[in-house]
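# my questions are about this predicted structure, shown below with the sequence.
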Amino acid sequence: MKSLYPSSGNSSIQQQIYEIRDQRVMLDFDLAAIYGIETKQLKRSVRRNPERFEGEDFMFELTREEWANLRCQFGSSSWGGSRYAPFAFTEHGVAMLSSVLHSPAAIEINRGIIRAFVAVRQQLATPPVDRYTELQADLMALKAYIEEVFTDYNDINEDTRMQLELINESLAELQADRKLTATSRRPIGYTSR
């Protein structure tokens, strides 16, 4: 249970997205502040429309342990001043809030929040490039290429060596044949007896 971007320079909405129960969520008091309404007004609207928020893939209430752990992360035990654990809204739950909070401002704010969820998802899906890993991969590719070139060179070298041996053998045979034919031939010209 942690904020995904606790101290980065990302937008303030992204800093209010937490990971709780392996889901990215926003808490009711943060959403109420963004919408410019009181938390109890937001909760009241949600409770009036429970069918819109059925299932933990839309919204859930934090347990006491989760809330205590989260409050410790905020650095103040009395932060929020609420006696009740907050609601945690997933991306789908935030989208559903625009149908419960009837105002053009709520719809526009929801668009921004959904875009923040999408940005967080994209950042998690495509982590920043690790230069060391990239260089290591390049080095491995270069090593494989060099080994392939040397293997090809050795193959050519071996083929060339075998061809040279065959040529030398053929030349040696020709030279031996020539000596044989040279001794068996009659000499040309005058002979003195």
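Okay, I see it. Residues are numbered from 1 along each chain as shown.

# can we go C-alpha only for contacts and neighbour counts from here?
Fine.

# for the spatially most central residue of the chain, give me its contacts.
The C-alpha lying nearest the average C-alpha coordinate of the chain belongs to Thr126 (Cα atoms, centre = their mean; 4.0 Å). Residues near Thr126 by Cα atoms under 8 Å, 6 or more residues apart in numbering: none.

# isn't Trp67 up against Ala85?
Yes - counting by Cα atoms under 8 Å, Trp67 does reach Ala85; the two are 6.0 Å apart.

# per-domain residue ranges of the protein.
Following the assignment in automatic domain parsing, the chain carries domains at 2-125, 129-182.

# including distance to Ile188 and mean neighbour count, could those go into TSV?
Output for these, formatted as TSV (distance: least, Cα to Cα, whole Å; neighbours: other Cα atoms under 10 Å):
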stretch	distance to Ile188	mean neighbour count
domain 2-125	93	16
domain 129-182	11	12
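
# tabulate those domains (TSV), appending distance to Gly189 and mean pLDDT.
Listed next are the domains of the chain as TSV, based on distance: least, Cα to Cα, whole Å; pLDDT from 0 to 100:
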stretch	distance to Gly189	mean pLDDT
domain 2-125	97	78
domain 129-182	15	81
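
# and the gap between the nearest residue in space to Glu61 that is not next to it in sequence and Tyr145?
Spatial nearest neighbour of Glu61, chain neighbours left out: Phe87 (4.3 Å); criterion: Cα to Cα, 6 or more residues apart in numbering. With distances taken as Cα to Cα, to the nearest Å, Phe87 is found 57 Å from Tyr145.
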